[in-house]
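1. heads up, no residue letters with this:
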């Protein structure tokens, strides 16, 4: 019987390609949704339990980085017992912006644990027609 080397596997050994569904972060409280409308590019990042003063959003060279964290500590002291409960949450997201967006800060809004960033698209002008005039049809130049 051949000897097979045992390799412990981890959940992180494989690339999990989980599709993003608009609105899913509202249901399960996690994730990043990216989508666009006719006028805007929109990012929704789940940040449940994170106050707005603990959220950092930066845009540098077309890359958006969103991070936020919070820690809540609670102490219960009794005559014979001592109990301390600490809950911490941390979220980090980053994504590349598509081309065709206006420069400047996006509109940012935090509602019910969902941070929504709205980037305005640039207005596309219709292509202009240019009339081409032929100089070959003019008389008197080079004709005998």
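-> Arrived safely, thanks for sending. Given the structure is predicted, the values throughout are model-derived calculations rather than measurements. Numbering: from 1, shown residues only.
2. CA only for contacts and neighbour counts going forward, please
-> Fine.
3. show me where pLDDT drops low in this structure?
-> Residues of the chain that meet the criterion pLDDT under 70 lie in 1-30, 73-86, 137-144.
4. okay, now residue 60: neighbour count?
-> Using other Cα atoms under 10 Å, residue 60 is surrounded by 9 other residues.
5. oh sorry, the question was meant for residue 55
-> The tally of other residues near residue 55 (other Cα under 10 Å) stands at 18.
6. Quick check: bridge partners of it?
-> residue 68 (DSSP bridges).
7. And residue 87, by the same measure?
-> The partner list for residue 87 in beta bridges (DSSP bridges) reads residue 72.
8. same thing with residue 107?
-> Under DSSP bridges, the beta-bridge partners of residue 107 are residue 118.
9. cool, and residue 32?
-> Note on residue 32: beta-bridge partners by DSSP bridges are residue 45.
10. Same question for residue 41.
-> Beta bridges link residue 41 to residue 36, residue 119 when assigned by DSSP bridges.
11. List the contacts of it.
-> Contact analysis of residue 41 by Cα atoms under 8 Å, 6 or more residues apart in numbering lists 34-35, 101, 118-121.
12. One more pass at 7 Å, please.
-> Residue 41 makes contact with 35, 118-121 under the criterion Cα atoms under 7 Å, 6 or more residues apart in numbering.
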